[in-house]
Structures are given as C-alpha cells and as structure tokens.
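In: Need coordinates for the following:
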Amino acid sequence: MWYKKLLDYCGKGVSFNPLHYLGAIAIFFLWLLLASGIYLFIFYSIGEPYESVRRMTEVQWYAGGIMRSVHRYSADGLILTAILHLIRVFWTGRYRHWRWPAWVSGLALLIAIWVTGIIGYWLVWDLRAQLIAQMTARFLDFLPIFGEPLAMSFTTDKLVTGLFFFMALFIHLFIPVFLFLILWVHVMRISKPVITPPVAVAVITGISVLVLSIVKPAVSLLPAASDKMLTSISFDWFYLFFYPVINDLPEWGAWGLMTIGLAVLAGMPWYGRSKRPEAAGIIAENCTGCSQCFKDCPYDAIHMRPRTDDKSYELEAVVMENRCASCGICVGSCSFDGVIMPDLGGNEDIVGEIRKILKDVKRGGEPVILGMGCSFGATASSMIRFITLPCIGMIHPSWIGTALDAGADGVVISGCQMGDCHYRLGNKWLEERLSRERAPVLNGSVDRSKVRLFWFSAGQSDKLISEVLKFQEELKGSAGLHDRRRTLKNDRTFKFGWRTAIAPLVILIPSVLLLYFSDAPYTFSNTEDSMLKLSIRHLSKRVAECDEFTKLNMEADRYREQLKNTDRARMKLNGIEGCSRDRYGVYVELFIDNEKSIGKLYEAGGLQNDGPSFVYEEFMVSPGTHRVEVKLRDSGDTDRFDYSFAKVLQFEKGVINVIGFDERKGVLALNVQPVVN
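Out: Residues are numbered from 1 along each chain as shown. From the prediction side, this is the model:
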C-alpha cells in the first residue's frame with residue numbers, strides 16, 4: 001500500500017521511538033524557532049512593541065498569528081525535549097568520564113534557552129511581560145553589582161522606553177548565536193552526531209505544533225500598566241517555573257536554591273563515579289593505517305597521523321586517552337590485530353577465550369550455542385555460554401567463524417536496541433559488518449543460518465532467552481540449516497503494527513502537556529490587595545562641605561598673579577584633591593496608619609560614596625483609606641528629618657500608589673516620576 005511505502009520511507013528503516021531522538025528533536029525545534037522568529041522580527045517594532053505584536057496576532061492571524069503561536073509552542077517544545085533528553089541521559093548513566101563535556105555544555109544550553117525565552121516574553125510587553133520583568137529586576141537587584149535598583153526602571157510607564165526593547169531584542173537575538181556555539185561544543189567530541197530526527201518523527205512533531213497553534217493560538221494579555229497589580233496570571237511553566245520560587249522565597253533563598261541546584265547538576269559527572277577503564281591501545285607494528293578504527297570510533301578518540309616508524313604504510317592510528325570510552329569498537333574494526341583493550345586484550349585474546357570455552361564444553365543432546373553480547377544489553381548467560389563485552393561493536397566478524405569452527409552449533413549475538421546503543425554506534429556498525437556493508441565483513445563461507453542477531457535492552461533478557469530456546473529447537477531439527485540465504489540483519493522494514501500505531505501518541509502526549517502547562521493559571525498574591533511603592537532617587541548632603549569650584553578659581557587667580565610677577569609658576573591642587581566627596585546615606589521611615597513599616601538607612605552610591613542613594617521598597621496594603629507618612633533624612637543631623645510626606649490615601653483593589661522624590665520641587669510626592677540615569 002502507498003501509505004506503508006510512505007511511512008517506510010519516512011522512517012528510513014529505523015525505530016519510530018522519539019525517545020531515541022530527543023536531542024535531534026530539540027534541534028528540530030530550534031530550526032522552527034529560527035524560521036518563525038525571522039518572520040516575527042520583520043513585523044516587530046521596538047517603538048510600539050505591544051501594538052506590533054497585537055497586529056501580527058489579530059490582523060494578520062492567518063500568517064503572523066500562526067507564526068507567533070508556532071514560535072511559542074516550539075520554544076516550549078524545545079525546553080521540554082531538552083529536559084527529557086537530560087533526564088534520559090542521566091537515567092542511562094551516559095554523562096560520566098569522557099561524556100562530561102556534553103553534560104556540562106548541555107546544562108549551559110538549558111540556561112541559554114531559559115534566558116532567551118524569558119526575554120522573549122518581555123518583547124510582547126503585556127501585563128504578563130511586565131510582571132516577569134519586575135520580578136526579574138527584583139531578583140537581580142540582590143546582587144551587589146547594580147548601583148541603581150533595576151526595579152526602579154519599571155516604576156512608571158514612561159521609564160520603559162524603546163531603548164529597553166532594543167536591548168531586550170538584541171539579547172534575544174544574540175543568545176541564539178551563542179546557543180549554536182554551545183551546541184557545537186556539545187557535539188564536538190561525538191562523531192556522526194544525530195542532529196536530525198527521522199522524517200516521520202519530524203513530520204509528526206511539526207504537525208503537532210501547527211495543530212496546537214490553530215487550536216489554542218498564543219495571545220497577549222492587556223497592555224502593561226505600571227499602576228496595576230497582576231495577582232493572577234496564565235503562566236508558561238516551561239520557562240517561568242522559577243518565578244513562583246522568587247515570589248514565595250526571600251531573594252537570598254531563591255538565589256541559594258538556584259545556585260545549589262546548578263552546582264549539583266553540573267557536578268553530577270564527578271559524584272561517586274567508578275574507576276574509568278583503561279583506554280584502548282594501538283599495536284604500532286600491526287597497524288596498517290587503514291583508518292577503519294578512525295572511521296568507526298563514536299567519540300573521535302582516534303586520529304590518524306603520518307607514520308613515525310620505518311613501516312611502509314603512510315599513516316598510523318593514535319588514541320586520545322581523554323576521549324576514549326573503552327568501548328572496544330576499534331577492536332572489531334581492525335583486521336590486523338592492531339588494537340588492544342588493556343582490560344580484555346585484543347583480537348587474539350578473545351579468539352583464544354572462544355576456543356577455550358568451546359573446548360571445555362561437554363557434548364550432549366542439546367545444541368552447543370555460544371552467546372556474545374554487550375554489558376548494557378540483555379543476557380542469556382543462565383542457559384548458554386555467554387561472552388560479555390563492553391559493547392557489541394567490539395565483535396570482529398571473524399569470531400563467528402572461529403566459534404563455529406571450534407564446535408559451536410550456533411552463535412547468538414545480542415546488543416542494545418537499535419538506536420539506543422550505550423556507545424552510540426556499536427550495534428549499527430556490527431549489523432553492517434555482518435551484512436557485508438562495512439569493513440571488516442563477515443566471511444562468505446560462514447553458514448548464516450547458524451547465527452542469530454537480536455537487539456534487546458537490559459530489561460528484556462526474558463525475551464532473549466525465549467529466542468535462544470527457539471533457536472535451540474531449530475538447531476535440533478535442523479530447521480534453519482538449509483536456508484543459507486537467511487539474513488543476519490534484523491528485519492527493520494516497515495510493518496504496520498501496534499508499535500507503529502502508538503508511535504504518534506508518544507509525541508502527542510507531550511503536546512497535551514504543552515497545551516496545558518504553557519498557559520496554566522497561577523496566583524502570585526491576594527487578589528484583594530493593593531500596593532504601595534517607595535521609589536526614591538536622591539542626592540544627599542556631603543559629609544564635609546567642600547566647594548571645589550570656588551577653590552579652583554582661587555588657585556587659578558593665584559597662579560595668574562604669580563605668573564605675572566615671575567617667569568615661572570606652579571598650581572597647587574592639593575587642597576582641591578583632598579576635598580572629601582563622601583555623602584550621607586538617606587534614612588527613611590514609613591508609617592502606615594501610624595504603624596512603622598520601615599526604618600532603614602540607604603547608603604550613598606558610587607565607588608567613593610559620592611552618588612545618589614536609591615530607595616525601592618514594596619508594601620502590600622489592603623484596599624481602603626490609609627494614612628501614609630514618609631520621613632526622609634539626608635544629612636548628619638539625627639534630631640530632625642529634612643523632608644516629610646503625610647497624607648490620607650485611597651487604595652483601590654489591584655492599584656499601585658508610588659511615593660517618590662521630586663528633585664525639581666525638592667519634596668516627597670505621590671506618583672512622581674523618578675529620574676533614572
């Protein structure tokens with residue numbers, strides 16, 4: 001049937017299981033983000049961010065609206081698949097020793113994705129974006145690296161200018177460039193990395209994103225308004241999951257939790273790891289420089305260099321020990337006994353072990369079967385003689401002929417499931433060797449009916465034993481001995497069955513998660529509350545009064561007079577240089593209904609304590625009428641306050657009142673716009 005041929009083509013003969021391609025699916029989402037992002041960039045305006053996004057979503061819904069939704073759901077899909085990829089790598093133990101650069105760079109990728117996603121939300125500049133920006137600013141203000149609190153930049157709408165959106169857009173576009181650089185580091189120690197999923201998986205993934213975009217398009221909330229509180233919000237948990245933590249914990253607690261979490265994750269490759277097996281070694285006198293081991297190594301741990309001895313061959317292989325996984329695949333690649341594994345030996349050692357095992361076998365009524373498998377796959381050692389290797393890719397095809405010549409009635413080879421080899425390519429390379437598609441090939445004189453090749457995971461040993469029992473029965477009745485055309489390669493052509501039928505569901509399940517958790521509700525504060533903000537930028541008085549301008553004029557007059565009377569003169573600036581620039585801190589007290597809410601000293605900014613003091617505080621207030629009194633001292637006189645504000649204010653539900661300092665009038669005032677440099 002035509003649809004079966006289409007699916008067979010799309011699958012390229014490999015498993016439809018998307019769990020085998022999580023990293024490739026994440027990269028596929030990156031391409032979707034790039035394509036949709038370019039389209040959105042064309043129509044986005046930093047001068048009117050909210051309106052430009054609204055026009056794309058509503059007026060141009062058939063193109064811009066769908067592209068925006070594709071961008072949104074692709075971003076969520078990227079973070080979801082990246083996290084699932086990380087979990088799977090951890091679960092399978094594929095992050096230690098030689099794999100640590102991929103693990104650490106993978107965490108860096110997650111952080112870069114997370115940051116650029118958060119900044120992407122700012123560009124919409126609706127109420128959700130405003131809340132995220134304000135919470136981010138408060139979170140970053142905990143670090144003592146910003147002279148002026150970032151949160152003050154969002155006190156009024158007029159402070160959020162096009163410059164803010166220009167910087168946000170620049171960072172949003174720049175981080176993906178940095179992200180692709182990290183991605184290169186992520187795969188640079190891997191040969192032939194899988195960066196594209198099978199066509200069938202890519203098509204189903206793309207269709208899922210498109211359906212989500214149509215069923216539940218991404219839309220904006222109301223435009224941002226600095227005088228409005230946002231207490232309950234539809235929330236993207238894939239990117240904004242940490243904001244409830246920021247909301248519920250003090251800043252030091254949120255920073256501590258994030259720092260400890262990242263440190264623990266980054267250090268995972270070094271916690272309690274076992275001793276690393278010794279790296280493979282090259283027997284130089286046996287190496288012919290054929291480069292097959294170089295081609296087959298999954299981690300680019302072998303390179304070829306010009307010959308350093310008197311052999312007639314042009315090249316020789318060299319192992320980079322820090323990259324070597326000790327998988328033994330290079331042993332199976334070499335036909336000249338040129339590679340050795342220090343812990344297991346080389347080709348001759350394994351051949352000797354095979355002959356020894358079969359020599360000691362007591363002949364009886366049961367067929368003699370020799371099993372060979374990897375240490376991460378299924379085993380049948382409880383019923384047949386079984387040789388366990390680091391990876392099934394270590395098997396040299398000649399070992400099969402050796403086993404049959406040494407008295408085995410049959411050979412069973414078992415490795416990890418195809419597409420899920422612990423060492424990435426071992427099962428693929430062995431399959432191609434035995435089907436004579438890759439060197440070294442299986443000898444044509446080997447009776448293929450006496451060989452069985454299975455792909456089972458470690459949890460499927462019962463299935464392997466069942467297949468071995470069937471093989472024994474075949475050998476007893478010589479059922480398979482006459483079929484010399486029997487292929488060793490697993491039948492991986494398309495067969496429409498229940499596994500294929502549920503494969504799309506494996507992708508649709510995350511789609512349901514995207515549908516809900518990309519827009520799930522969350523309440524940040526009591527919906528009945530209102531808020532009072534203190535947002536003050538004030539230059540306090542100097543500790544020691546010193547007029548540099550007057551002193552400089554006096555010294556200039558003295559210099560001119562001296563120069564008039566003599567031919568030589570010299571200015572003395574010591575007095576000016578010694579003029580102290582220190583300023584007093586600003587001390588503020590706040591009373592709400594005659595109850596003291598704060599009494600705090602805010603030190604002067606600048607490296608020499610000569611800059612303005614910054615006051616930024618938030619207070620939740622119940623709706624109604626409240627008497628608010630603010631007192632401010634900017635001098636050394638502790639017996640009095642220099643400025644004061646006292647009024648009865650009406651607080652409405654969800655409304656923010658701001659008390660600032662009006663530098664032009666020199667008074668504390670309500671809803672004044674602070675001057676921010």
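In: remind me which residues of the stretch 551-677 of the chain are low pLDDT?
Out: 551-555, 557-559, 561-579, 672-677 (pLDDT under 70).
In: so which helix or strand takes in the one residue sitting closest to the centre of the chain?
Out: Nearest to the geometric centre of the chain sits Leu110, at 1.6 Å (CA atoms, centre = their mean). Using DSSP states H and E, Leu110 sits within helix 100-122.
In: which parts of that helix are buried?
Out: 100-106, 108-110, 112-122 (16 or more other CB atoms under 10 Å). In short, each C-beta sits where N, CA and C put it, glycine included.
In: cool, and stretch 139-156?
Out: So, applying 16+ other CB under 10 Å, buried residues of stretch 139-156: 139, 141, 148-156.
In: what about Ile175, neighbour count?
Out: 20 (other CB atoms under 10 Å).
In: With adjacent residues omitted, what lies nearest to it?
Out: In space, and not counting its chain neighbours, Ile175 is closest to Thr116: 4.1 Å by CB to CB, 6 or more residues apart in numbering.
In: buried sites along stretch 310-321?
Out: For stretch 310-321, by 16+ other CB under 10 Å, it's 315-319.
In: want to try a markdown table for these, with pLDDT and secondary structure as columns?
Out: Putting those into a markdown table (pLDDT from 0 to 100; DSSP: H, G, I helix; E, B strand; the rest coil) gives the following:
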| residue | pLDDT | secondary structure |
| --- | --- | --- |
| Leu315 | 94 | strand |
| Glu316 | 94 | strand |
| Ala317 | 96 | strand |
| Val318 | 96 | strand |
| Val319 | 96 | strand |
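In: And these, which is closest to Leu265?
Out: Nearest to Leu265 among the buried residues of stretch 310-321: Val319, at 30.4 Å, using CB to CB.
In: who does Met304 bridge with?
Out: Ala317 (DSSP bridges).
In: okay, now it: neighbour count?
Out: Neighbours around Met304, by other CB under 10 Å: 17.
In: need the contact list for it.
Out: Counting by CB atoms under 8 Å, 6 or more residues apart in numbering, Met304 touches 289, 291, 294, 315-318.
In: can you do 10 Å?
Out: Met304 makes contact with 287, 289-291, 293-295, 314-318, according to CB atoms under 10 Å, 6 or more residues apart in numbering.
In: cool, Ser382 as well?
Out: Listed by CB under 10 Å, 6+ apart, the contact set of Ser382 reads 461, 465.
In: Which strand or helix spans it?
Out: Ser382 belongs to no helix or strand, assigned by DSSP H and E.
In: how much space between it and Asp462?
Out: Distance of Ser382 to Asp462, given as CB to CB, to the nearest Å: 11 Å.
In: Same question for Val199.
Out: Distance from Val199 to Asp462, by CB to CB: 34 Å.
In: So which of those two has more stuff around it?
Out: Taking neighbours as other CB under 10 Å, Val199 and Asp462 compare with Val199 leading, 14 against 11.
In: re earlier: report the mean confidence score over the helix holding Leu110.
Out: For helix 100-122, the mean pLDDT works out to 95.
In: and if you look at stretch 519-533?
Out: The average pLDDT for stretch 519-533 rounds to 86.
In: Could you work out the end-to-end span of it for me?
Out: End-to-end distance for stretch 519-533, by CA to CA, to the nearest Å: 29 Å.
In: Stretch 432-452: how far from the chain's middle?
Out: The chain centre lies 42 Å from the centre of stretch 432-452; the measure is CA atoms, centre = their mean, to the nearest Å.
In: Only the buried residues of it, if you could.
Out: Under 16+ other CB under 10 Å, the buried positions of stretch 432-452 are 432-435, 438, 440, 442, 446, 448-452.
In: show me where the stretch 251-400 of the chain has helices.
Out: 251-266, 292-296, 329-333, 347-359, 398-405 (DSSP state H, counting those that start in this stretch).
In: Residues touching the fourth one, excluding its own?
Out: So the one you mean is helix 347-359. 283, 286, 328, 331-332, 334-341, 344-345, 368, 370, 372, 385-387, 389, 394-396, 398-400, 402-408, 411.
In: which of these count as buried?
Out: 328, 331-332, 334-335, 337-341, 344, 368, 370, 372, 385-387, 389, 394-396, 398-400, 402-404, 406, 408, 411.
In: What's the mean pLDDT across stretch 371-384?
Out: Stretch 371-384 comes out at a mean pLDDT of 90.
In: Quick one: end-to-end distance for it.
Out: 7 Å.
In: Now do the buried residues in that stretch.
Out: 371-374, 376-380, 384.
In: Just give me the closest of the residues you listed to Ile592.
Out: Phe376 (65.0 Å).
In: so who does that closest one touch?
Out: 92-94, 388, 390-392, 415-416, 420-423, 426, 457-458.
In: Produce a PyMOL select command limited to the buried residues of these.
Out: The buried residues among these can be selected in PyMOL (16+ other CB under 10 Å) with this line:
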select buried, resi 94+390+391+392+415+416+420+421+422+423+426
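In: Met620 and Ser530 touch, don't they?
Out: Yes - Met620 lies in contact with Ser530 (CB atoms under 10 Å); the separation is 7.7 Å.
In: Between those two, which contacts overlap?
Out: Counting by CB under 10 Å, 6+ apart, the contacts common to Met620 and Ser530 are Met229.
In: Could you check which of the two has the larger neighbour count?
Out: Neighbour count, other CB under 10 Å: between Met620 and Ser530, Ser530 has more, with 22 against 11.
In: residue contacts, that one?
Out: Ser530 makes contacts with 229, 619-624, 626, 649-657, as judged by CB under 10 Å, 6+ apart.
In: Skipping its backbone neighbours, what lies nearest it in space?
Out: Of all residues not flanking Ser530 in the chain, Phe651 sits nearest, at 4.2 Å (CB to CB, 6+ apart).
In: same check, this time on Gly636
Out: What sits nearest to Gly636 in space, not counting adjacent residues and going by CB to CB, 6+ apart, is Tyr584, at 5.6 Å.
In: who's in contact with the one you found?
Out: 540-543, 601, 603-604, 609, 613, 633-637.
In: picking up where we left off before, keeping just the C-alphas, turn the helix holding Leu110 into PDB.
Out: Once non-C-alpha atoms are left out, helix 100-122 reads as follows in PDB (Å, rounded to 0.1, in the frame of the first residue of the first chain):
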ATOM      1  CA  TRP A 100      31.300  15.200  30.900                       C
ATOM      2  CA  PRO A 101      31.800  18.000  28.300                       C
ATOM      3  CA  ALA A 102      28.500  17.100  26.700                       C
ATOM      4  CA  TRP A 103      26.800  17.100  30.100                       C
ATOM      5  CA  VAL A 104      28.200  20.400  31.200                       C
ATOM      6  CA  SER A 105      27.600  22.100  27.800                       C
ATOM      7  CA  GLY A 106      24.100  20.600  27.900                       C
ATOM      8  CA  LEU A 107      23.300  22.500  31.100                       C
ATOM      9  CA  ALA A 108      24.700  25.600  29.600                       C
ATOM     10  CA  LEU A 109      22.400  25.100  26.600                       C
ATOM     11  CA  LEU A 110      19.400  24.800  29.000                       C
ATOM     12  CA  ILE A 111      20.300  28.000  30.800                       C
ATOM     13  CA  ALA A 112      20.800  29.900  27.500                       C
ATOM     14  CA  ILE A 113      17.400  28.600  26.200                       C
ATOM     15  CA  TRP A 114      15.700  29.600  29.500                       C
ATOM     16  CA  VAL A 115      17.200  33.100  29.500                       C
ATOM     17  CA  THR A 116      16.300  33.900  25.900                       C
ATOM     18  CA  GLY A 117      12.800  32.500  26.400                       C
ATOM     19  CA  ILE A 118      12.200  34.800  29.400                       C
ATOM     20  CA  ILE A 119      13.500  37.800  27.400                       C
ATOM     21  CA  GLY A 120      11.200  36.800  24.500                       C
ATOM     22  CA  TYR A 121       8.200  37.200  26.800                       C
ATOM     23  CA  TRP A 122       9.300  40.800  27.600                       C
END
